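In: predicted model and sequence follow; I will ask about them next.
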Amino acid sequence: MLIWFCSCLVKGINVESGSRRIAIPYQREKLLSQYRISGGNVAEKKEPCVNKSLNTLGIVTFLQVIAAATVAFTPTSQITTLLGPDRATPLLSKISSSSSFVQIMFAPVIGKGMDQIGRKPVMMMSVGVVLLVNLSVVVNPSLFRICASKFLGVLFREFFIISAQAMLSDLVLTSTNKGSDDITASLGAAMGRQVIFVSSAFFIGCIIAGKLSAYRIEVAYIASLGLGLLTMLAIIFLMKETMPENASFISADPLKSNNYKLILSNILKAPLSCLRLLFNYGLNVRILSILLLMQSFPQNAGDFFQILCETVWNISTKDFTFFIALFGVLSIVANTLGSILIQKMGLRSFTTLAILSSACSPIGAILFGFQGILGGSIVGILGAAQSLGVGALLVSEGVKNGASIGKLAGERSGLMAILKVVGPIFYGLLFTEGKKWFGMTYLPFFFNVGLTFVAMITCYFFLPSS
């Protein structure tokens, strides 16, 4: 992959201290006009309103993540109990991969649709479907409905993330009247605050899930259903549409513009359209996208880790949820530190350090098992913030190269969904076949260590220093 990078020497690459690095020109005039505010006074007047909208988006995301975390581990535990680990592992891998394949098909369409109808309707739709799915499990918690809740729940929560990412980018880009360096910093800071909302909600949701694991499965789904209803009310009454009025890229009348045929065509082309970030927006976006893929791959391993904890390390579902909740706390601390360190150390140095820190967790698991992964997560706390700068830079570079916010969010989600198709199957095979081939269950952790060092080298040689 590094050799491929070096062969792609086009405009935007310069030679600095004997190595090749991305040259980010950041010219203000190249930003899309629909995301520019003319006049500093206008930006100052909009800032309080934008901050209020960002806080509202954080609250909505907070509620939805709590609702999701409350039932995040319930299906896996229930299916493993009913079928056993040997039958449950491939089934759960297939469910996760199938859900992600559908995400690949529809995420680009959702992204383009947001540029037509707005962000808020997509967010409402995603929350509404999850509500209906949870209600069906409450009525009848059969194996089929539990599997369906895992499939549809994961899928439509991803669509919620797409709309939330688009809203966040809208609010930051329409309120900033500065150079692109400042826009990237503002976007990174806003993403950091959003991660803190998400991590706090995940921590609380895991605590709730652990408490409810002692009861019947319906109780957890009832709690998630109530939180989902609260989220829907917050979206309807508190959340405002964020798409700029002049940022509609598709005719609002699908009958006149034959958009139904266009939507069908987009769905059929979706397996290829999810790769547009790698080919359509220049070398800078391509490198950032591949680096983000490497950083995100271990996070899309599927359910093998929960199965490993329960069957190899004998960790109960309640203890597992408390252990996962710890990651929520670590993520809050990591992103708080990351928002400060990335400005002091620069983008390349911080991201390299954060990627290196992420290796502590799998190395700890290999050496000392459960205690090792726990200690490694604490020692390598900055690993939870490794994609902070890369994600912000990817958005600003994509917008600069002509991508709309909705389209960019959809294509990024589709690209990440590839990992969710490949990840569960790949890690599931490493886990199950590793026991047969090598008599060990830690093969996925060895792979993560190797991937970490590849990402670190890529980051050091190709990211800008600031």
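Out: Yep, that arrived. Residues are numbered from 1 along each chain as shown.

In: and the one helix or strand K120 maps to, what does it pack onto?
Out: Assigned by DSSP states H and E, K120 falls within helix 119-139. Based on contacts counted as 3 or more C-beta pairs under 8 Å, 6 or more residues apart in numbering; DSSP states H and E, the elements that helix 119-139 packs against are helix 40-70, helix 85-117, helix 143-175, helix 217-237. Heads up, the C-betas are built off the backbone N, CA and C, glycines and all.

In: could you redo the last one with a cut-off of 6 Å?
Out: Packed against helix 119-139 by the contact rule (3 or more C-beta pairs under 6 Å, 6 or more residues apart in numbering; DSSP states H and E) you find helix 143-175, helix 217-237.

In: CSV please, covering the ones you listed and showing mean pLDDT, mean neighbour count and distance to L443.
Out: Shown next, in CSV, are the helices and strands packed on helix 119-139 (pLDDT from 0 to 100; neighbours: other C-beta atoms under 10 Å; distance: least, C-beta to C-beta, whole Å):
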stretch, mean pLDDT, mean neighbour count, distance to L443
helix 143-175, 85, 22, 25
helix 217-237, 92, 19, 32
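
In: the ones you listed: which one's closest to S199?
Out: S199 lies closest to helix 143-175 among the helices and strands packed on helix 119-139, at 14.2 Å (C-beta to C-beta).

In: following the closest one, which helix or strand shows up next?
Out: Heading C-terminal from helix 143-175 (DSSP H and E), you reach helix 180-212.

In: and that next one, what does it pack against?
Out: Checking 3+ C-beta pairs under 6 Å, 6+ apart, helix 180-212 ends up next to helix 40-70, helix 143-175, helix 317-345, helix 388-400.

In: mean confidence for the third one?
Out: Computed over helix 317-345, the mean pLDDT rounds to 79.

In: adding distance to S200, write the helices and strands packed on helix 119-139 out as CSV.
Out: Listed next are these as CSV, based on distance: least, C-beta to C-beta, whole Å:
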stretch, distance to S200
helix 143-175, 15
helix 217-237, 14
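
In: G410: which of these is closest?
Out: With C-beta to C-beta as the measure, helix 143-175 is the member of those nearest G410 (5.9 Å).

In: same for that closest one, what does it pack against?
Out: Using 3+ C-beta pairs under 6 Å, 6+ apart: helix 143-175 touches helix 40-70, helix 74-83, helix 85-117, helix 119-139, helix 180-212, helix 405-437.

In: what is the third one packed up against?
Out: It stands for helix 85-117. Using 3+ C-beta pairs under 6 Å, 6+ apart, the elements in contact with helix 85-117 are helix 143-175, helix 259-273, helix 304-311, helix 405-437.

In: can we see that at 10 Å?
Out: helix 74-83, helix 119-139, helix 143-175, helix 259-273, helix 304-311, helix 405-437 (3 or more C-beta pairs under 10 Å, 6 or more residues apart in numbering; DSSP states H and E).

In: what's the least confident stretch among the ones you listed?
Out: helix 259-273 (a mean of 56).

In: the helix or strand immediately after that helix in the chain: which residues count as buried?
Out: Next helix or strand after helix 259-273 toward the C-terminus (DSSP H and E): helix 276-279. Neighbour counts using 16 or more other C-beta atoms under 10 Å place R276, L277 of helix 276-279 among the buried residues.

In: show the average pLDDT along helix 276-279.
Out: 74.

In: what's in contact with that helix?
Out: The contact list for helix 276-279 (C-beta atoms under 10 Å, 6 or more residues apart in numbering) reads 108, 269, 272, 285-290, 292-293, 394, 398, 403, 407-408, 410-412, 414-416.

In: if we go to 6 Å?
Out: Residues outside helix 276-279 that contact it (C-beta atoms under 6 Å, 6 or more residues apart in numbering): V285, R286, S289, E411, L415.

In: nearest to R216, out of the residues you listed: which one, please.
Out: Using C-beta to C-beta, the contacts of helix 276-279 come closest to R216 at L415, 38.8 Å.

In: pipe the helices and strands packed on helix 143-175 into a markdown table and attach distance to I162 and mean neighbour count per row.
Out: What follows is these, written out as a markdown table (distance: least, C-beta to C-beta, whole Å; neighbours: other C-beta atoms under 10 Å):
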| stretch | distance to I162 | mean neighbour count |
| --- | --- | --- |
| helix 40-70 | 12 | 19 |
| helix 74-83 | 22 | 20 |
| helix 85-117 | 6 | 21 |
| helix 119-139 | 7 | 20 |
| helix 180-212 | 14 | 21 |
| helix 405-437 | 5 | 22 |
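
In: any chance of the ones you listed in TSV, plus distance to Q299?
Out: Formatted as TSV, these follow (distance: least, C-beta to C-beta, whole Å):
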stretch	distance to Q299
helix 40-70	15
helix 74-83	16
helix 85-117	12
helix 119-139	20
helix 180-212	13
helix 405-437	8
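
In: nearest to F327, out of the ones you listed?
Out: Closest approach to F327 among those (C-beta to C-beta): helix 180-212, 7.6 Å.
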